[in-house]
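> Just a sequence and a predicted model for now, questions to come.
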Amino acid sequence: MTRTADGPAGDAEHGGADGGPSPSRHRRPEPVFERAIRVALGQARSVLHVTAGPGGVLYAPRDRDVTVVDPAAEALPFADDSFDATSSAFSLPEWPEWSDLDRGLAEVRRVTRGPVVLLTRDPARIEDHWLATYAPEVLARDARRWPTLDRIADALGGEVSTTRLPIPFTCVDGFSEAYYARPERLLDAAARRADPAWAAVDEMTAARSVAALRTALEDGSWDARYGRLRVQPSYEGSLVLVVAQP
């Protein structure tokens, strides 16, 4: 059962923040990531799911009593320790202002008596991906969007663990690293639109980056440098699961 913070309860499909269809066929919940979140939530039954922006609501747990809230609120409208756990996925860059992030995470901690589980990305590792060779501005902008793991841990307090999540070869959640072994996918404009990183640069920069990648694929230089990835079953990139215990 899923409900919004200020609306009626109801069954919710994985999709947009209003319970509608997914924001893109290129952003679907990856079962590997869903499983990791489910394990981290443990036995929690009541879960607050904080989400904003594309992709975040896709990971609202389907097997719990879930309340979905947008982080734009000044303060969460719940009493202390209202929920067994809190989860959030791919949403931290979409919180209203970075200056509010620490306050927002502190609010999440306040209303949660158990684990806070965040699927996020380590900005220190984003530019290690091969796409930086062809789209350096895209990945540089993307890295600046994500808060550091230290900042997240400091804001949440308590006992915080961070675990890198390998990205499977067949990943169906189409952020850029999902295509580590399928570079041709990034030539598809719809696939790029599904990843907010591409929207952070101007059209000329994006076009130049796509052209560089297309040339590298056509002349074989991408495969000469990175072709081994085409048979690599998973990729350890920037994806991280942060779990904070009180």
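Good, I have the coordinates.
> For the chain, just list every one of the helices.
31-41, 101-110, 123-126, 136-145, 149-156, 189-193, 196-199, 203-218, 221-226 (DSSP state H).
> burial of the nearest residue to Asp81 once chain neighbours are set aside, as a residue count?
In space, and not counting its chain neighbours, Asp81 is closest to Arg113: 3.9 Å by C-beta to C-beta, 6 or more residues apart in numbering. Every residue, glycine included, has its C-beta placed from N, CA and C. For Arg113, the number of neighbouring residues by other C-beta atoms under 10 Å comes to 16.
> Arg113 touches Pro246, doesn't it?
Yes - in this structure Arg113 lies within contact range of Pro246 using C-beta atoms under 8 Å: 6.7 Å.
> Any idea which of the helices of the chain gets closest to Ala89?
Closest of the helices of the chain to Ala89 is helix 31-41, at 6.9 Å (criterion: C-beta to C-beta).
> which stretch among the helices of the chain comes nearest Val50?
Among the helices of the chain, helix 101-110 comes nearest to Val50, with 6.4 Å by C-beta to C-beta.
> and that closest one, what does it pack onto?
Where contact means 3 or more C-beta pairs under 8 Å, 6 or more residues apart in numbering; DSSP states H and E, helix 101-110 is packed against strand 46-50, strand 116-121, helix 149-156.
> mean confidence score for that helix?
The pLDDT scores in helix 101-110 average 92.
> Repeat that for stretch 169-179.
In this model, stretch 169-179 has an average pLDDT of 94.
> partners of the closest residue to Pro61 other than its chain neighbours in the sheet?
Distances taken as C-beta to C-beta, 6+ apart place Val47 nearest to Pro61, at 5.5 Å, with adjacent residues excluded. Val47 forms beta bridges with Val66, Ala85, as assigned by DSSP bridges.
> how near is Val47 to Val201?
Distance, Val47 to Val201, by C-beta to C-beta, to the nearest Å: 35 Å.
> Neighbour count: the two, which is higher?
The neighbour count for Val47 versus Val201, taken as other C-beta under 10 Å, is higher for Val47 (25 against 19).
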